[in-house]
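Asker: mind looking at a prediction? Sequence and model below.
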Amino acid sequence: MLFPNIAADILETLMEAEEKKKPITLAEALRRWGQASTWEDLVDGGYIYRRQEAVTVTEYGKKWRMAH
């Protein structure tokens, strides 16, 4: 991953939103990060699930985030 610090921030934001039971929608996530290569790395690498109603972190993404 080219920018691991940015990836960690994105995953942390998504995980916090999930914990608060207010997941970030796909539209909001795309507005925030959709134009960045790190977002594409997270999508292509299987770190997140993208659904219209919510973008959530996969188990793989959570493990990666805890390690970084």
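Answerer: Sure, I can see it.
Asker: report the buried residues of the helix or strand bottoming out on mean pLDDT in the chain.
Answerer: Lowest by mean pLDDT, DSSP states H and E among the helices and strands of the chain is helix 37-44, with a mean of 92. Neighbour counts over helix 37-44 (16 or more other Cβ atoms under 10 Å) mark Thr38, Trp39, Asp41, Leu42, Val43 as buried. C-beta here means a position set from N, CA and C on the backbone, and glycine is covered the same way.
Asker: got it, and stretch 42-61?
Answerer: Neighbour-count burial for stretch 42-61 flags Leu42, Val43, Tyr47, Ile48, Ala54, Val55, Thr56, Val57, Gly61 (criterion: 16+ other Cβ under 10 Å).
Asker: pLDDT below threshold where in the protein?
Answerer: 1 (pLDDT under 70).
Asker: tell me who's in contact with the residue minimising distance to the centre of the chain.
Answerer: The chain has Leu11 as the residue nearest its centroid, 4.1 Å off, counting by Cα atoms, centre = their mean. For Leu11, the contacting residues are Leu42, Tyr47, Ile48, Val57, Gly61, Lys62, Trp64, Arg65, by Cβ atoms under 8 Å, 6 or more residues apart in numbering.
Asker: any chance you could list what contacts stretch 12-23?
Answerer: Outside of stretch 12-23, the residues within contact range by Cβ under 8 Å, 6+ apart are Ile24, Ala29, Ile48, Glu53, Ala54, Val55, Thr56, Val57, Lys62, Arg65.
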